[in-house]
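Colleague: Show me the folded form of this:
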Amino acid sequence: METSRIPISAIIFDAGDVLVHKIPNDQVKVWNEFLVHFNNSKIDPQICFAELYEKVRTLGSDFKFKHVSLNLIGPEIEISLIEEYEIQKWWQNPDPHLVKMVSKLEIIGYKIGILTDSALPSTKIRKVLFQISPFINQIVSSRDIGVMKPEKEMYSKILSDLEIPPNKALFIAHDPDEISGALESGLFCENFELIGDLNKLLEVIQRKYILAKMV
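Modeller: Predicted coordinates:
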């Protein structure tokens, strides 16, 4: 006997390793520009960049400066350089099935959101993802909020923006902590790590979920 499908109104995607895919640093054009800051330095650029990158991803929307540094142990780095790094490493490398999948979900009638830990504000993400922007209802970036998943503020913000309760939302991600955070916030979840393909994900959504009737 076929199991009843779960009624949902919105599908919320993590971005990295789901919608877009990373490339190696040696293929990122601005990476060498970043390394120049560490000429004749004893600081490990990989470690320093990881800390700077996380710092930018949680700046919040009200920061007033254009550089970021690590407590005087490293050079000041322009935030725009870190933003461009992320664009080249991730956002310019969308999954080849992305447009097809997102457009089908939009045709069905689902609201579509993106919830991402990003160095970019949501307005820039929408511009970079121009090929699917017409189908995306809301984008929430950690850069805007000042915290990253699995903090509850991230999930509550996207739910509020989409104007839906948590039990009418499906979250697609691959990180166990982020999935746990979404479940604790009351969302349904699918682990993309176990699915691994956007075409297969579309099949899973169509098999397990149904568009909730508008009240």
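Colleague: Nearest the geometric middle of this structure, what residue?
Modeller: Nearest residue to the geometric centre of the chain (Cα atoms, centre = their mean): residue 116, 2.4 Å.
Colleague: List the contacts of it.
Modeller: Under the criterion of Cβ atoms under 8 Å, 6 or more residues apart in numbering, the contact partners of residue 116 comprise 14, 15, 16, 125, 139, 140, 141, 142. To be clear about C-beta, it is placed using only N, CA and C from the backbone, and glycine gets the same treatment.
Colleague: now with 7 Å?
Modeller: 14, 15, 16, 141 (Cβ atoms under 7 Å, 6 or more residues apart in numbering).
Colleague: again with residue 191
Modeller: Remark: with contacts taken as Cβ under 7 Å, 6+ apart, residue 191 is in contact with 174, 179.
Colleague: go on, residue 95?
Modeller: Residue 95 makes contacts with 19, 20, 21, 198, as judged by Cβ under 7 Å, 6+ apart.
Colleague: Identify each buried residue in stretch 37-57, please.
Modeller: Neighbour-count burial for stretch 37-57, counted by 16 or more other Cβ atoms under 10 Å, picks out 37, 38, 45, 48, 49, 52, 53, 55, 56, 57.
Colleague: Please apply the same query to stretch 146-154.
Modeller: Within stretch 146-154, the residues that count as buried by 16+ other Cβ under 10 Å are 148, 149, 150, 151, 154.
Colleague: sorry, back to before: and the residue nearest to the centre of the chain, what are its phi and psi?
Modeller: Note on residue 116: its backbone torsions stand at phi -140, psi 140 [degrees, to the nearest 10].
Colleague: What's opposite it in the beta bridge?
Modeller: residue 141 (DSSP bridges).
Colleague: Please tell me how far it sits from residue 94.
Modeller: Residue 116 sits 13 Å away from residue 94, going by Cβ to Cβ, to the nearest Å.
Colleague: what sits up against the lowest-mean-pLDDT helix or strand in the chain?
Modeller: Using mean pLDDT, DSSP states H and E, strand 67-68 stands out as the lowest-scoring helix or strand of the chain, at a mean of 79. Applying Cβ under 7 Å, 6+ apart, the external contacts of strand 67-68 come out as 52, 55, 56, 76, 77, 78, 79.
Colleague: can you list those residues in a markdown table and add distance to residue 101 and secondary structure?
Modeller: Formatted as a markdown table, the contacts of strand 67-68 follow (distance: Cβ to Cβ, whole Å; DSSP: H, G, I helix; E, B strand; the rest coil):
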| residue | distance to residue 101 | secondary structure |
| --- | --- | --- |
| 52 | 33 | helix |
| 55 | 33 | helix |
| 56 | 29 | helix |
| 76 | 41 | coil |
| 77 | 35 | strand |
| 78 | 35 | strand |
| 79 | 32 | helix |
